[in-house]
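Next input, structure requested:
(one chain, ligands or ions: 1)
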Amino acid sequence: MTSTRPAAAARLPIALVLPALAAVCFLALPLAGVLARTPWSTLPDQLTSPEVTQALWLSLTVSLWALGLAVVLGVPLAWILARVDFPGKPAVRALVMLPMVLPPTVGGVALLMGFGRRGLLGPLLADFGVTLPFSTPGAVVAAAFVAMPFLVISLEGTLTSLHPRYEETAASLGARPLRAFLTVTVPMAAPGLVAAAALCWARALGEFGATITFAGNLPGVTQTLPLNVYLLLQDNPEGATSVSLLLLVVAMVVLTGLRGRWTGSGARTATAADPAPAAAPDAVLDAVEAEAEAPAPAASATVPTEPPPERWPLKTTVTGFTRLSLEAEPGTTVAVVGPNGAGKTTLLRALLGLTHRAHAEQLLLGAVDAAGAPPHKRGVAWVPQDGALFPHLTVLGNTAYGLRAQGVPRRSARAQAQLWLDRLGVGDLADRKPGRISGGQAGRVALARALAVRPRLLLLDEPLAALDQTTRAKVRHTLREHLAGFTGACLIVTHDPVEAVTLADRVLVLEDGRAVQYASPADVARHPRSPWVARMLGRNAWAGTAKADGLELPGGARLVAAEPLPEGTAALAVVGPEAVSLHRVRPSGSPRNVWQGQVRELTALGSRMRALVTSDGLDALAEITASAAAELALAEGGTVWVSVKATEITLVAL
Ligand SMILES: Nc1ncnc2c1ncn2[C@@H]1O[C@H](COP(=O)(O)OP(=O)(O)OP(=O)(O)O)[C@@H](O)[C@H]1O
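Numbering: from 1, shown residues only. The predicted model follows:
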């Protein structure tokens with residue numbers, strides 16, 4: 001078998017390859033020079049001389065403190081840059097980058113002007129007995145100033161590629177922003193964070209210019225290894241080469257170990273199938289739990305931790321891109337349907353308090369108006385399309401997450417979570433990580449996780465979208481069962497008409513951000529109030545104006561209906577595909593609506609055939625038996641006559 005690689009290599013333009021090779025040589029030659037000139041026989045002595053070991057120790061101390069400072073300040077800054085839109089963001093980003101492009105000596109001068117004795121902050125620091133210039137803390141500040149941008153820029157890339165729906169899901173389960181950050185963002189971004197920190201540390205270790213300018217070159221105080229190299233170069237070039245080799249080796253080990261992760265490419269958008277990153281350390285979780293257990297200010301809107309005795313009727317008014325008022329009795333399942341861009345997701349995000357594009361003016365869940373509460377205090381749980389299970393937690397850990405966020409003790413939270421998993425038939429998967437369960441199982445776990453917090457409103461975004469037809473039918477069945485005991489309203493976004501009709505008690509049809517219909521599935525199927533929903537339900541729908549005998553379409557064509565509406569009413573003529581007949585020759589007799597068209601598409605539906613027949617302004621979907629199709633010799637592109645009885649046409653006023 002021939003490989004495609006040599007062919008690809010053969011196509012490489014020589015005009016690019018030669019300069020690229022020259023660039024590699026240009027970068028490698030100085031390193032080769034260091035290797036060639038290293039005094040290998042005296043290397044151990046050179047590197048263990050008191051002067052060098054003292055500088056090495058100081059370098060390690062300074063670079064690790066600088067890393068600590070950069071992490072404490074830089075991680076929150078990277079998160080804000082990645083997640084929050086604020087005025088002046090480009091300027092802040094430029095400020096972060098500045099130390100990377102400034103000559104380090106200029107950085108040192110700037111530090112003197114900021115933190116030096118006569119700098120802006122110097123006198124204030126002096127009042128507290130702190131003098132930074134020419135001190136080890138000064139060397140730390142200089143190294144952190146130069147190295148922090150590497151951490152911030154690299155981590156921002158990682159966080160940007162981490163989809164915010166994980167943090168948003170955590171919030172909908174009741175986690176405060178800091179908890180979500182520490183228990184979801186940090187563990188999920190851990191590989192990128194480690195890469196960013198390693199890069200930052202390597203840069204701090206090699207820092208020279210800003211350090212010598214701001215902190216001087218005092219042996220044992222600020223004379224780090226790079227400064228030591230500079231001094232050795234004058235008196236002991238062999239020693240300088242040996243120490244340079246040491247710094248080079250450290251830098252190369254760090255960079256090759258990271259394998260390019262600092263670009264953010266190492267941290268792809270996490271999916272349920274991703275290998276699990278590190279879990280948040282227990283100490284962090286405990287600290288957060290302490291925070292979570294602090295009394296919540298708006299207790300009235302807080303998600304209850306005990307099974308609520310009440311039921312939660314929904315009454316809401318949403319404004320913005322999606323504008324509607326909606327009421328639903330406790331236990332009602334509402335299917336939210338509509339064409340792409342109709343505002344379904346915006347509606348869910350408005351109810352969750354997660355978008356500025358629309359917001360709930362009123363969000364009455366029982367007696368509590370949660371409209372003004374932040375997402376984690378609304379009692380509105382959200383199951384996003386792919387479930388957004390946290391990949392670093394087990395199935396049980398995922399399910400217990402919301403309960404823990406609400407301060408339920410670990411043992412009790414895990415016991416309750418196990419019960420929910422058992423109820424949804426996935427209890428045996430408790431110890432698995434989400435990457436090791438199927439899409440259908442992940443859907444159930446995500447539902448268990450949402451139900452476990454006993455929300456007052458449950459939002460499911462296309463819960464069955466990722467499943468194949470067979471699994472979908474099974475999960476649809478169990479979903480209805482599981483939702484049966486739910487004491488709040490449940491909104492399910494779906495594109496699937498079968499799902500809408502079989503799962504829901506009510507169907508909410510959205511178009512252009514407005515509710516065009518909110519009715520029972522039977523009503524919507526009988527009297528669809530938009531062509532889109534009629535077609536979604538597999539019915540023919542033609543919009544026009546009512547006339548004395550039926551409907552006039554915009555192109556001038558007429559449909560005769562047995563039960564006309566008052567003349568002039570904007571209306572929809574709805575006909576099931578089984579009521580549309582096809583003929584080879586123009587039919588005579590009872591049907592009042594007859595026209596000619598061209599067969600555009602033919603699809604088999606079990607023992608029946610569906611034909612889409614197009615004509616000027618009156619495209620029709622017809623469903624006939626396979627034998628009738630054979631008799632008619634139906635073929636795509638062929639011409640046929642279409643007929644619909646006047647009694648089969650339902651006119652629906654719009
Ligand atoms: N962050 C955003 N900024 C600006 N416009 C947006 C944003 N998100 C969505 N939109 C726009 O708002 C409208 C409604 O989007 P939404 O995602 O709510 O629709 P949808 O009904 O969920 O669509 P789909 O079925 O395709 O998921 C669309 O026109 C979309 O382009």
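
Spit out the contact partners of the closest residue to the ligand within the stretch 551-654 of the chain.
Of all residues in the stretch 551-654 of the chain, the one sitting closest to the ligand is residue 654 (20.4 Å; Cβ to the nearest ligand atom). Just so you know, the C-beta spots here come from the backbone N, C-alpha and C atoms, and that holds for glycine as well. Neighbouring residues of residue 654 by Cβ atoms under 8 Å, 6 or more residues apart in numbering: 529, 530, 543, 569, 570, 571, 572.

Could you list the buried residues of the one helix or strand the last one maps to?
Counting by DSSP states H and E, the element that carries residue 572 is strand 570-575. Buried residues in strand 570-575, counting neighbours by 16 or more other Cβ atoms under 10 Å, are found at 571, 572, 573, 574, 575.

what helices or strands is that strand leaning on?
helix 531-536, strand 540-547, strand 550-552, strand 650-653 (3 or more Cβ pairs under 8 Å, 6 or more residues apart in numbering; DSSP states H and E).

okay, these in CSV with mean neighbour count next?
CSV is the format used below for the helices and strands packed on strand 570-575 (neighbours: other Cβ atoms under 10 Å):
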stretch, mean neighbour count
helix 531-536, 21
strand 540-547, 20
strand 550-552, 21
strand 650-653, 18
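
Adding distance to residue 67 and mean pLDDT as columns, could you present these in TSV?
Output for the helices and strands packed on strand 570-575, formatted as TSV (distance: least, Cβ to Cβ, whole Å; pLDDT from 0 to 100):
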stretch	distance to residue 67	mean pLDDT
helix 531-536	56	82
strand 540-547	65	88
strand 550-552	74	90
strand 650-653	68	86
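
Figure out which of the ones you listed is closest to residue 618.
Residue 618 lies closest to strand 540-547 among the helices and strands packed on strand 570-575, at 6.8 Å (Cβ to Cβ).

Pairing partners for the strand holding residue 572, with directions?
Here strand 570-575 is paired, per DSSP bridges, with strand 540-547 (antiparallel), strand 650-653 (antiparallel).

Residues contacting the longest one, please?
Strand 540-547 has contacts (Cβ under 8 Å, 6+ apart) with 528, 530-531, 534-535, 551-554, 558-559, 564-577, 580, 618, 620-621, 651, 653-654.

Output the set of residues of the stretch 251-400 of the chain in proximity to the ligand.
321, 338, 340, 341, 342, 343, 344, 345, 346, 357 (Cβ under 6 Å from any ligand atom).

now those: which count as buried?
Judged by 16+ other Cβ under 10 Å, buried ones among those: 321, 338, 342, 343, 344, 345, 346.

Could you identify the most distant pair in these?
321 and 338 (12.5 Å).

Okay, and residue 34 sits in which element?
Here residue 34 is assigned to helix 14-37, by DSSP H and E.

Next, work out how far apart the residue nearest to residue 115 when sequence neighbours are not counted and residue 621 are.
Nearest residue to residue 115, sequence neighbours excluded (Cβ to Cβ, 6 or more residues apart in numbering): residue 132, at 4.8 Å. Per Cβ to Cβ, to the nearest Å, residue 132 is found 78 Å from residue 621.

which one of the two has more residues nearby?
Taking other Cβ atoms under 10 Å, residue 132 and residue 621 do not tie; residue 132 has more neighbours (25 against 20).

show me where pLDDT drops low in the stretch 451-600 of the chain?
466-467, 590-591 (pLDDT under 70).

Show me where it has its strands.
Taking DSSP state E, counting those that start in this stretch, the strands of the stretch 451-600 of the chain run over residues 457-461, 489-493, 506-511, 514-519, 540-547, 550-552, 558-560, 570-575, 580-583, 593-605.

Tell me the buried residues in the longest helix seen in the chain?
Selection of the longest helix in the chain by residue count, based on DSSP state H, yields helix 50-83. For helix 50-83, the neighbour count (16+ other Cβ under 10 Å) marks 51-52, 55-56, 58-59, 62-63, 65-67, 69-71, 74-75, 77-79, 81-83 as buried.

swap in stretch 598-605?
residue 599.

Alpha carbons of that stretch, as CSV, please.
What follows is stretch 598-605, C-alpha atoms only, in CSV (Å, rounded to 0.1, in the frame of the first residue of the first chain):
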residue,chain,number,x,y,z
GLN,A,598,-44.2,17.3,-11.0
VAL,A,599,-42.9,14.5,-8.7
ARG,A,600,-39.9,15.9,-7.0
GLU,A,601,-39.1,13.3,-4.3
LEU,A,602,-40.2,9.8,-3.6
THR,A,603,-39.6,8.2,-0.2
ALA,A,604,-40.7,4.8,1.1
LEU,A,605,-42.5,4.7,4.5
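
what about it, distance to the chain center?
39 Å (Cα atoms, centre = their mean, to the nearest Å).

what does stretch 230-248 give?
On Cα atoms, centre = their mean, the centre of stretch 230-248 falls 49 Å from the chain's centre.

Hmm, residue 592 is touching residue 645, no?
Yes: taking contacts as Cβ atoms under 8 Å, residue 592 lies within contact range of residue 645: 7.0 Å.

count of neighbours near residue 635?
Residues lying near residue 635 (other Cβ under 10 Å) number 10.

In contact with it: list those residues for me.
Residue 635 neighbours (Cβ under 8 Å, 6+ apart): 599, 602.

in the helix holding residue 34, what's buried?
Within helix 14-37, the residues scored as buried using 16+ other Cβ under 10 Å are residue 34.

That one: what's the following helix or strand?
helix 43-48.

ok, back up a step: can you verify my assumption that the residue nearest to residue 115 contacts residue 138?
Yes: in terms of Cβ under 8 Å, residue 132 counts as a neighbour of residue 138; the distance is 4.0 Å.

Look at the nearest residue to residue 450 once chain neighbours are set aside and report its pLDDT.
Leaving out its chain neighbours, the residue that sits closest to residue 450 by Cβ to Cβ, 6+ apart is residue 381, at 4.0 Å. pLDDT recorded at residue 381 is 94.

Then residue 381 would be within a strand, right?
Yes: checked against DSSP: H, G, I helix; E, B strand; the rest coil, residue 381 lies within a strand.

contacts for the strand holding residue 572?
Contacts for strand 570-575 (Cβ under 8 Å, 6+ apart): 527-531, 534, 539-546, 550-551, 559, 561, 565, 620, 644, 648-654.
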